[in-house]
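Engineer: the sequence isn't on hand, but the structure is:
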């Protein structure tokens, strides 16, 4: 089994549709094999990941942005990457010389797309600007006063501009106004709070329905009535339950049958997911993020003495409520009768569920040093992520039909 964390970070176009994912890796055998340093070992992990995990599972039909070290660019090691599926990223600390430039020109001539990673000063890139297809500007490191100057310079070359480390909706809007083509960061997970405006009717109805679903000790008949009264909700729930992903031996034909066979808590969790998926003015990736977090938390709650899988699922799912509803999380939770452990996990990342949520979000963002939870091994966390990714991809395709 591959000893590594493997993650991804979405890259958006101006319409907030995902065009690719940057693949994030951390090797846990960086001192082995023939490589002389951790960067080269990580490149080996990248290539092994393509073979052992599969590109389709990691990025679907999108592009994969892959960081490569100097030795892989110079092809001192094999490069079995499909040119129509990957974008090769040149790291900012690679020594720029004639040998590297020649190698990049050759890769470009073969049809590979080249991206320049973590650009801070484009004046230092020289001939690379005539080779690259994409320049990724590091918004944390670039002085905002020089941003327009750098954009003007880069526009003189045939490169697409990618704003990297976009962390808030406000920064996204600024970069969009400046003419960036692509955007990368976690701005879509943050609420765009507009004070003095009423909540749109759709989001208000979603919040009200969620409140009904979260009533403590909700009864079997109450949940059945809530779901059965909504034809669309009933249809999607039954389609999800009967999907090939779950491979059930018999078809479930009614909400009552679903409740009987699966249990109230599991149906409650799935209905909550379906209700949130109705919010259609947000990037689709936000719901994917919610689903991956939910499933990953659910899978990892097996480490608790009390195996409350549904509580883990709800914690992960509701961790994006503020971004979906564009309201402060504290204000939203005041309207939802959640258990104290879930509420404290969401607000303060406290308790078992809070620590688990922190671990899951750290994995999602590639903050590998914080991917920790007592009793969980590296492989367990990684496998939960990959399983959650498969599940979220399957459920997304069902919801879009």
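Structural biologist: Yep, it's here. Small disclaimer: the values here were computed from a predicted structure and weren't measured.

Engineer: that's a strand at residue 87, yeah?
Structural biologist: Yes. Per DSSP: H, G, I helix; E, B strand; the rest coil, residue 87 lies within a strand segment.

Engineer: partners of it in the sheet?
Structural biologist: residue 65, residue 113 (DSSP bridges).

Engineer: tell me how far it lies from residue 141.
Structural biologist: Residue 87 is 21 Å from residue 141, where distance means CB to CB, to the nearest Å. Just so you know, the C-beta spots here come from the backbone N, C-alpha and C atoms, and that holds for glycine as well.

Engineer: ok, the two, which is more surrounded?
Structural biologist: Set residue 87 next to residue 141 and count neighbours by other CB atoms under 10 Å: residue 87 wins out with 21 against 13.

Engineer: which residues touch the more buried one?
Structural biologist: Contact analysis of residue 87 by CB atoms under 8 Å, 6 or more residues apart in numbering lists 20, 63-66, 112-115, 133-134.

Engineer: nearest to residue 383 among these?
Structural biologist: For the contacts of residue 87, the minimum distance to residue 383 (CB to CB) is 20.2 Å, reached by residue 64.

Engineer: ok, back up a step: among the contacts of residue 87, which has the minimum pLDDT value?
Structural biologist: Lowest model confidence among those falls on residue 66, which carries 91.

Engineer: quick check: that one vs residue 201, distance?
Structural biologist: Distance from residue 66 to residue 201, counting by CB to CB: 44 Å.

Engineer: tell me the pLDDT at residue 352?
Structural biologist: On pLDDT, residue 352 comes in at 91.

Engineer: which SSE is it in?
Structural biologist: Element membership of residue 352, judged by DSSP states H and E, is helix 351-365.

Engineer: now do that helix: which elements does it pack against?
Structural biologist: Applying 3 or more CB pairs under 8 Å, 6 or more residues apart in numbering; DSSP states H and E, one finds that helix 351-365 contacts strand 4-12, helix 284-300, helix 309-318, helix 340-348, helix 378-400.

Engineer: number of nearby residues for the closest residue to residue 189 other than its chain neighbours?
Structural biologist: Excluding the flanking residues, the one nearest residue 189 by CB to CB, 6 or more residues apart in numbering is residue 323, at 5.2 Å. If you count neighbours by other CB under 10 Å, residue 323 ends up with 23.

Engineer: for the stretch 201-350 of the chain, what are the low-confidence residue spans?
Structural biologist: In the predicted model, the stretch 201-350 of the chain carries pLDDT under 70 at residues 244-247, 303-307.

Engineer: roughly how far apart are the residue of the chain positioned farthest from its centre and residue 105?
Structural biologist: Most distant from the centre of the chain: residue 98, at 37.1 Å, with distances by CA atoms, centre = their mean. Separation of residue 98 from residue 105 (CB to CB): 10 Å.

Engineer: relative to helix 378-400, how tilted is the helix holding residue 352?
Structural biologist: Angle of helix 351-365 versus helix 378-400, following axes from the mean of the first three to the mean of the last three CA atoms, to 10 degrees, is 80 degrees.

Engineer: now the angle from helix 351-365 to helix 340-348?
Structural biologist: Calculated by the same axes, to 10 degrees, helix 351-365 forms an angle of 40 degrees with helix 340-348.

Engineer: check contacts around the residue nearest in space to the middle of the chain.
Structural biologist: Of all residues in the chain, the one closest to the mean position by CA atoms, centre = their mean is residue 289, 4.8 Å from it. By CB under 8 Å, 6+ apart, the residues touching residue 289 are 188-189, 320, 364.

Engineer: same thing but 7 Å
Structural biologist: Residue 289 sits next to 189, 320 when contact means CB atoms under 7 Å, 6 or more residues apart in numbering.

Engineer: the one 10 residues further on too?
Structural biologist: The contact partners of residue 299, by CB under 7 Å, 6+ apart, come to 384, 387-388.

Engineer: from residue 361, how far out is the residue lying closest to residue 333 once chain neighbours are set aside?
Structural biologist: Distances taken as CB to CB, 6+ apart put residue 343 closest to residue 333, at 5.4 Å, once the chain neighbours are dropped. Residue 343 is 17 Å from residue 361, where distance means CB to CB.

Engineer: okay then, goodbye and thanks.
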